[in-house]
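A.B. asks: Compute the structure for the input listed below.
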Amino acid sequence: MNTVIDLQNLSIHLPLQRARLRRKMLAEGGNGGRVIQTRSGECVAALRGIDLSIKSGDRIALLGRNGAGKTTLLRTLAGVYLPSTGRAKVTGNVATLFSTTLSLSDYETGRQNIQVSGILRGISQERIKILLPEILKTTGIGELIDLPLSKYSEGMKARLGFAMAILAEPDLLLIDEVLNAGDAIFLSAARKKITSLSGPDKSLIIASHSEELLGSICNKAIWLERGELMSFGDFKSTMQAFKDWCAAQA
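C.D. replies: Numbers count the residues shown, from 1 in each chain. Okay, here's the model as predicted:
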């Protein structure tokens, strides 16, 4: 299997611009990255010295308390953040699902959003027409696909965003909590779709509060705490170690 993600001594420093935010982070103690002093001023060390190698075909759960660095890691893999120090190399076609509203236009219908998303991903209109029945099946939106997104609930937007993210069958799919907005029927459909996309050349990293969802999809897990890599290994043992650690902190 090929290496799809290679992180070497990766650190991400995010500017800490407001004193109120600094006080909040310090008050939270164990949550959030550490406050450090850099040449550009005070920063949050959102990720610190991460060494990680992920192979194609891995389906990885991203574990950690709020503020542990999960979102920062996903955004770094997506190219939103550049390394402050170290190296981050990601190969292949990457698709993201970070928000139910990101890349969606409330003024356009669900169908129009899908068409625009396909064009931006380099998919022809003819191919989109072929894929549309499967997209409708995955989202469960039905005839509502021709309503403007301003009429959609957050759950419906999550369904549509998921369908758009997998439209081009990416080599690496990054999901950050968004599936939590879906109902049981959609989660079942999303689980089946993700499983169908799995293969030796497809990879997934997903952050979710649902242990059941993660356990049904993932074969490995990453555990972050305060921006540091605590563990990376098989899903069951890493999840149990994370749960035991959290119980000990209570």
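
A.B. asks: What pairs with the strand ranked longest in the chain, parallel or antiparallel?
C.D. replies: Using DSSP state E, we find that the single longest strand of the chain is strand 41-55. Here strand 41-55 has these sheet partners by DSSP bridges: strand 3-15 (antiparallel), strand 34-38 (antiparallel).

A.B. asks: ok, and what's touching it?
C.D. replies: For strand 41-55, the external contacting residues (C-beta atoms under 8 Å, 6 or more residues apart in numbering) are 1-16, 22, 25, 32-37, 60, 69, 72-73, 76, 84, 86, 203, 205, 222, 224, 226-229, 232. C-beta: built from backbone N, CA, C; applies to glycine.

A.B. asks: Which entries within those meet the buried criterion?
C.D. replies: Buried subset of these (neighbour count, 16 or more other C-beta atoms under 10 Å): 4-5, 7, 10-13, 16, 25, 32-33, 60, 69, 72-73, 76, 84, 86, 203, 205, 222, 224, 226-229, 232.

A.B. asks: hmm, back to that, tabulate the strands paired with strand 41-55 (JSON lines), appending distance to Val90.
C.D. replies: Supplementary listing: the strands paired with strand 41-55 in JSON lines, determined by distance: least, C-beta to C-beta, whole Å:
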{"stretch": "strand 3-15", "distance to Val90": "5"}
{"stretch": "strand 34-38", "distance to Val90": "25"}
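
A.B. asks: pLDDT of the longest strand of the chain, averaged?
C.D. replies: The predicted model gives strand 41-55 an average pLDDT of 87.

A.B. asks: how about low-confidence regions in this protein?
C.D. replies: Applying pLDDT under 70 to the chain flags residues 1, 17-34, 36-41, 99-103, 178-185, 197-198.

A.B. asks: next one: phi and psi at the most centrally placed residue in the chain?
C.D. replies: In the chain, the C-alpha closest to the average C-alpha coordinate belongs to Ile175, at a distance of 2.6 Å (C-alpha atoms, centre = their mean). Main-chain torsions, Ile175, degrees, to the nearest 10: phi -130, psi 130.

A.B. asks: what's across from it in the sheet?
C.D. replies: With DSSP bridges as the rule, Ile175 is bridged to Leu97, Ile206.

A.B. asks: Can you tell me how far it is from Leu214?
C.D. replies: Relative to Leu214, Ile175 is positioned 11 Å away (C-beta to C-beta, to the nearest Å).

A.B. asks: Report the set of residues contacting both of these two.
C.D. replies: With C-beta under 8 Å, 6+ apart as the test, Ile175 and Leu214 both reach Ile206, Ser208.

A.B. asks: For the spatially closest residue to Asn219 that is not a sequence neighbour, give the beta-bridge partners.
C.D. replies: With C-beta to C-beta, 6 or more residues apart in numbering as the measure, Arg59 is the residue that lies nearest to Asn219, at 5.3 Å, once sequence neighbours are left out. Beta-bridge partners of Arg59, counted by DSSP bridges, are Leu204.

A.B. asks: Thought Ser203 was touching Arg59, still the case?
C.D. replies: Yes - with contact defined as C-beta atoms under 8 Å, Arg59 reaches Ser203; the gap is 7.1 Å.

A.B. asks: So which residues of this structure form helices?
C.D. replies: 19-28, 70-77, 110-120, 125-139, 154-165, 184-197, 211-217, 235-249 (DSSP state H).

A.B. asks: Relative to Met156, which of the strands paired with strand 41-55 is closest?
C.D. replies: Closest approach to Met156 among those (C-beta to C-beta): strand 3-15, 31.2 Å.

A.B. asks: and the closest one, how far from the chain's centre?
C.D. replies: Put simply, strand 3-15 sits 15 Å off its chain's centre (C-alpha atoms, centre = their mean, to the nearest Å).

A.B. asks: Sweet, I'm off.
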